[in-house]
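>>> give me coordinates for this.
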Amino acid sequence: MESHGDADQHDGYCNSNSNSSRHPSLLDIFQFLESPNPSPFVDICSTSQYADIFQACTSASKYDGMRTSLYQYQKNSLFKMLRRELLPDFFLDPLLNALFEDKSVEKKRFTHPLQPYFQFKHGFDRATNRWILESQINPGKRIRACDASWYSDSPGGIICEDMGTGKTCECLALILLTKRQMARPPVEGDLLPCVGTVASTLKTDYCSRDKGLPRLKDLAIIKALLSCAESLRIMFDEGMVPEEIWPHMEPYPPYYWVNPITESRTRRGTASDTATSVAFKVYMSSSTIVVVPDNLIDQWVREKYKHIEDVHGLEMLKIDSSTNTIPEPRALIKHDLVLISVSRLSKEYIPIDSNLGEMWFMCRCYSRGLQVCACGQRSQNATSRSPLLRVHWKRLIVDEGHIMSSRNTTRSMMAAYLIAERRWICTGTPTQNLVHATSALAAEAGDSPPLSPHDNNPDDGRSLSASGWSDRASASRADSPVRSSQQRRSRSAVQRDGTSDFYQLGTLVSKFLRIDPFAHSASAWHSLIVQPYKRDDPGARDRLRALLQNIMVRNRPETISTEVSLPPLYEKSVELQPTAQQALTYNTVVAFFHINAILTERAGRDYFFHPENKRHLRQIVQNLFGACFWFSISLKHITEGISNGQIALELWEIGKKPYAAEDVELLRQSISILKQASENSEWRYIAQSESIGYRVAGLPARISKDILNTHSVSSFKNTSAASENNSSCSSATTSQQLITAAQLLQLVNGSRLMLTVFDETLPPRPINIDPQEFDHLQKSAATHCSSNKIAYILNQIQRFQPTEKCIVFVNNRSEITLLHDALRIARIPHLVYASQGMSQSQRRNNIMTFSSSTMYNTIVMDIQLAAYGIDLSAASRVWFVSPTWQAARERQAIKRAHRLGQSKPVFVETLLTKGTVEEALWRRRQELSESEQDAVVAKDVEEDGKMRGILSNSSFVAFKPDQAADAGVFSPAIRLWPSNLRYPSSLREMYFFWSPNSPENASSSVPFFKTRKLVLRFSDHTSLNFAESSVK
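Numbers count the residues shown, from 1 in each chain. A predicted model of the protein is given here:
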């Protein structure tokens, strides 16, 4: 319940007037915001002029025009959104402190639950607000609430529902319920922020065709057009406007004139009163414009058609990067919903005459002292103004709106230029660090019932607990909510006191939502809200909490869980033994750490962990974690490392460097590791190719040497099932060979070329293969991989992708490339979602294809790009190739699949390489979540104090060949060529014909010419026989 008094009793922090030393953080307040509850507002709303809309909202039936019914928590959120739009409140002047209630005055029923900081606008008197206030400017001066100064709240707010709870559906329902409403027209002289001044009353171009006095019909049409009470277009669609009148009304929508903001100056720097600008028309509308990230615009389209009926629904216009020209304002206002991508909105940005710096690039006439613009730039700017800026929108919604906290981007400035009565931000992450609350509480609320005995893991029939799975209800405490107030001191002083969150939140409140008094002063948010809160002034935290409670629309996870039962979510970590090449690569990177530490004596700017060496430290830490998947190291760096280590060792031997005994031993061990790498022919061969190595069994020797152009043939003895399946090879084949991914792809994709008949009259070309080689190639298969994680993922995808959709989250472009090559080698149809090398349209198409296609059941996604906003509820199998340091990002990524619309249990696996820093990172994340502290995880893993110590003292992987026998094994082995591939009969005949052992050939060089008779007939019925030579 949105009750100020009740919240103080159970919200986990005390009233600011108490003597408690408990100081709640912004995260504390956000976590314990009450779920929307219409009960305290039903009476006041039912007596307003919008009673029919509120009654329709609380109705138990489906809304007219919607295909689906909303959950009750969604209806509660929608009610709060409607109330903020239609019946905005009064907000108490922050310079006034609340003292006590005057209980001698009888209390009325219409009492705002967030008093004394908020008050209903109508019916406001001494009896509805009994609070006694005190001015901060004049302490001791007491003021009654009815006599105090109040600011009018702005229609709109922040929709910060948790991920996957139906924010898009709520927004569509809001647009549908209010589609008949027009935006309120401004009054002449009003200032439109960032735009200009209203220069006229409402007008229309409609006029009577008859001369003289207008007819009553014309007066009625003009009156209806200028009323702007309800959309005449919607009323015509519903049959409320006669068909014979509508053609006379439609071409003449109401509009008003706006003078753009000008701040021109003379040469002496004083403002010029004679500066004029060209006014432009702004058309009134009932339309809602929704700004959507490029990768989500198609998802919004799908959601619209999924939830909204085609008839009596919403007229929608989609504008994205493929839209060259945006329609004119008169065409835009004919749509209920205008979807536009962020990138397309940014292209419409043209600086408005808001200051001298922007005017400089458009017009210099007034700055030169001229009374009239002589260059024509102002007139051109006014006429070429974007159509989006010439519409008075009823509502502006920005999906993933936290991007609006950046002030100087073209998208945020363009959004500021849009004229909209109601402004909404739709995001599950209102600020950078509040996302942790969203993730933690979502994890707590995800108490899914365990699977029944018939729903056990389909892998092998074992129970989930036996196979290492854990459901969200009994998962590790790494996902439990974090609730205390003391933040960890691992970040900078700017971030550890929540300043960054306050700054972002203040930007949204003042610049986007434009809530007074913060919208009119750049410093008001900091001086009136942030500083009093940090000083723990009386009432400061209660005022902040009331403000957030009022502008934010968010249901607590426990509220949602009472209505929505998502399928179970099962998570587990999978520890994989490293392969021989992988262990050597990882140990090589660790050796670089130790050599650098010893040579620099752990001091100076060359030391990786020196405060001024962050860039190099970040790079080598990335290399270390990359080696747990696969990482190619330059042989040049290996040689330099050995040389530097040996020089340091020689200096120690002659007494010039007083290294400690343990450092000398560590240095010798590091040099030995680097020498092992440089002397290992297989490892060097893979490292030089910057690829992953694959072991192939049964590959014909001629193909490996001539076609693949490689001579790196190595025998490999393994007793695993994968190698035993391919042990029977002829003498013309190699036992097992290590080749790179590029060579293997050349072989896999070269089947068509190897089996192509170029000219039947000539011998087969060297690229062709004979029938015996073809038989060997069909039996040959890749049995091992130098990356344990790629082998595991391919094994799992081959197992599940025929019946389930799979997502693989990776961390960087290199991992995407390596995994993409592996899936191509295995001939698994898949899609890629990456930030580099793909356009926005390609990414959108891949998401749509993955969700709807039965052929593409696997998608590889960059977690940094795909963790937010995308609906991937079609997937039920999720893999993280490595643990993610930022737990919030991981939870967001999981919610792409485990969200509303999911009908299957979701299985999530995080892969760890045994004995590496990945295990340490996994344990550290659990420690952070188990602590009773409000941990704000650092942006980079090396910024965490404990992880920094672990990284600086990284240990080598203890590799044992017998333990790694099954590491990186493909089970089953990946056949290089499909079994249904057939050898061409024409090519078989060519090899048979040109073979020296063929009985058809009397000579090994040129075949004999065979002859047939040719009979020529004459008129006297005589004939002559000739012989025609032909080559058969």
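>>> pull out the buried residues from the helix or strand hosting residue 598.
Residue 598 is part of helix 580-599, with elements assigned from DSSP states H and E. Buried positions in helix 580-599, judged by neighbour count with 16 or more other CB atoms under 10 Å: 580-599. C-beta: built from backbone N, CA, C; applies to glycine.
>>> next: stretch 969-982.
969, 970, 971, 973, 974, 975, 976, 977.
>>> and stretch 128-141, by the same measure?
Within stretch 128-141, the residues that count as buried by 16+ other CB under 10 Å are 128, 129, 130, 131, 133, 134, 135, 136.
>>> give me the contacts around that stretch.
Here stretch 128-141 makes contact (CB atoms under 8 Å, 6 or more residues apart in numbering) with 92, 95-103, 105, 107-108, 110-112, 115-116, 119-120, 142-146, 148.
>>> filter those down to the buried ones.
92, 95-99, 110-112, 115-116, 119-120, 143, 145, 148.
>>> nearest to residue 870 among those?
Closest approach to residue 870 among the buried ones among the contacts of stretch 128-141 (CB to CB): residue 112, at 38.8 Å.
>>> mind checking how far residue 323 is from residue 345?
Note on residue 323: its distance to residue 345, by CB to CB, to the nearest Å, is 11 Å.
>>> and for residue 137?
Counting by CB to CB, the gap from residue 137 to residue 345 is 42 Å.
>>> for residue 546, same thing?
In this structure, residue 546 and residue 345 are 33 Å apart, going by CB to CB.
>>> same deal with residue 531?
Residue 531 is 35 Å from residue 345, where distance means CB to CB.
>>> so for stretch 898-918, mean pLDDT?
For stretch 898-918, the mean pLDDT works out to 92.
>>> residues of it that come out buried?
So, applying 16+ other CB under 10 Å, buried residues of stretch 898-918: 898-900, 902, 904-918.
>>> quick one, what contacts the nearest residue to residue 71 once chain neighbours are set aside?
Nearest residue to residue 71, sequence neighbours excluded (CB to CB, 6 or more residues apart in numbering): residue 563, at 4.9 Å. Residue 563 is in contact with 71, 72, 73, counting by CB under 8 Å, 6+ apart.
>>> ok, so of those residues, who is nearest residue 756?
Looking across these and measuring by CB to CB, the closest to residue 756 is residue 71, at 60.1 Å.
>>> strands - which of the buried residues of stretch 898-918 land there?
906, 907, 908, 909, 910, 911, 912, 913 (DSSP state E).
>>> farthest pair in those?
Applying CB to CB across these, the maximum distance is between 906 and 913, 24.1 Å.
>>> and stretch 134-144, how far apart are its ends?
9 Å (CA to CA, to the nearest Å).
>>> tell me where the model's unsure across the stretch 101-250 of the chain.
108-109, 123-127, 209-212 (pLDDT under 70).
>>> revised request: answer the last question for the stretch 901-1032 of the chain.
The stretch 901-1032 of the chain contains residues with pLDDT under 70 at 929-939, 961-965, 996-1032.
>>> ok, which stretches of it are helices?
Per DSSP state H, counting those that start in this stretch, the stretch 901-1032 of the chain carries helices over the ranges 917-930, 945-952, 985-994.
>>> what's the distance between residue 833 and residue 890?
From residue 833 across to residue 890, the span is 17 Å (CB to CB).
>>> swap in residue 89?
38 Å.
>>> and what of residue 834?
According to CB to CB, residue 834 and residue 890 sit 19 Å apart.
>>> how about TSV for the ones in strands among the buried residues of stretch 898-918, with distance to residue 404 added?
Formatted as TSV, those follow (distance: CB to CB, whole Å):
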residue	distance to residue 404
906	32
907	36
908	32
909	36
910	33
911	36
912	38
913	40
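>>> closest to residue 792 out of the residues you listed?
Nearest to residue 792 among those is residue 911, at 6.5 Å by CB to CB.
>>> that closest one contacts residue 884, correct?
No. When contacts are counted by CB atoms under 8 Å, residue 911 is not listed as touching residue 884 (11.4 Å).
>>> so, low pLDDT: which residues of the stretch 601-750 of the chain?
Using pLDDT under 70, the stretch 601-750 of the chain drops low at 704-735.
>>> what's the answer for the stretch 451-600 of the chain, then?
Low-confidence segments of the stretch 451-600 of the chain (pLDDT under 70): 451-498.
>>> just to revisit the earlier point, residue 323 and residue 345: which has the busier surroundings?
residue 345 (22 against 14; other CB atoms under 10 Å).
>>> what score does that one have for pLDDT?
Residue 345 carries a pLDDT score of 90 in this model.
>>> tell me the contacts of it?
If you count contacts by CB under 8 Å, 6+ apart, residue 345 has them with 291, 388, 411, 414, 415.
>>> off-centre distance for the helix or strand harbouring it?
Taking DSSP H and E as the criterion, residue 345 maps to helix 342-347. Centre-to-centre, helix 342-347 and its host chain are 18 Å apart (CA atoms, centre = their mean, to the nearest Å).
>>> also stretch 662-677?
Using CA atoms, centre = their mean, the offset of stretch 662-677 from its chain centre is 43 Å.
>>> quick one, strands of the stretch 201-350 of the chain?
255-260, 280-284, 288-292, 316-319, 337-341 (DSSP state E, counting those that start in this stretch).
>>> now these in CSV, with mean pLDDT, mean neighbour count and distance to residue 501?
Converted to CSV, the strands of the stretch 201-350 of the chain look like this (pLDDT from 0 to 100; neighbours: other CB atoms under 10 Å; distance: least, CB to CB, whole Å):
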stretch, mean pLDDT, mean neighbour count, distance to residue 501
strand 255-260, 91, 21, 35
strand 280-284, 93, 21, 36
strand 288-292, 95, 25, 23
strand 316-319, 94, 19, 33
strand 337-341, 94, 23, 28
